[in-house]
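>>> Next come a sequence and a model predicted from it.
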Amino acid sequence: MKLNVYHDNWALDEAVCPCDIHFMRWVRASGLKGGSIFHFGTGGHHLVGIECAAPDLDNAVYGITASPQEYDDYVRLLIDNPRIGRQYKAFFGDIYQLDARMLPAFDVVTLFHLCEFRNETNDLYDGLTDLEVAELLVDRLKPGGHILFYTGSFAFETAKPKIAELALSRGLQRLPDHESLWVFEKA
């Protein structure tokens, strides 16, 4: 048995996957400054971590990637730009192995890739389900915090019923969409 990993290094391409670009526009439009963000899927570009570390935003980002290549890019990023490492922490791991005891409270959670990666390999080591991951992260979300989902995900239709269940069970209020993103607020 081996860890379920992502065997690619996702480059930034707005035409293919604009979610991180749209998210950063949302961050700026919402006025989020000095906040804490959990970001699922860093991409090899690490756009969210880099931009949020800018002095005008000063947001702290805790990102997760299951791609060894993306994690290697994160290490190189910090070696070349150590200032970014103060506010941006990315770790390599399987999101289906999260443990709430290891997570702080967040102002924002991104689950752009909900339902994209879980498979029978995760069952071999008792991985959480997509709904359990979403519930865990909403439970770590501060009151008034936001959780965002990407409507362009290839698994969005699979994720929609889970999002609806999550909104109902955790008291999430849907706000107006922002570009390709569904935005919810925790009551």
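Done, it's in.
>>> need the longest strand for this structure.
strand 141-150 (DSSP state E).
>>> Show me what the helix or strand following it packs onto, helices and strands only.
Using DSSP states H and E, the helix or strand that follows strand 141-150 in sequence is helix 156-170. Packing partners of helix 156-170 (3 or more Cβ pairs under 8 Å, 6 or more residues apart in numbering; DSSP states H and E): helix 130-139, strand 141-150, strand 172-178, strand 181-186. (Each C-beta comes from the backbone N, C-alpha and C, glycine too.)
>>> Among the ones you listed, which comes closest to residue 87?
strand 141-150 (17.7 Å; Cβ to Cβ).
>>> buried residues in the lowest-mean-pLDDT helix or strand in the chain?
Every helix and strand in the chain was compared by mean pLDDT, DSSP states H and E; the lowest is helix 120-124, with a mean of 94. Residues of helix 120-124 classed as buried: 121, 122 (neighbour count, 16 or more other Cβ atoms under 10 Å).
>>> which residue lies farthest from the center of this structure?
The outermost residue of the chain, judged against the average C-alpha position, is residue 1 (26.0 Å), by Cα atoms, centre = their mean.
>>> Chain neighbours aside, what residue packs nearest to it?
Spatial nearest neighbour of residue 1, excluding adjacent residues (Cβ to Cβ, 6 or more residues apart in numbering): residue 124 at 4.8 Å.
>>> mind checking how far stretch 3-12 is from the chain centre?
14 Å (Cα atoms, centre = their mean, to the nearest Å).
>>> In it, which of the residues would be classed as buried?
Quick answer for stretch 3-12 (16+ other Cβ under 10 Å): 4, 5, 6, 9, 10.
>>> The last one: which element?
Spelled out, it's residue 10. Applying DSSP H and E as the criterion places residue 10 outside every helix and strand.
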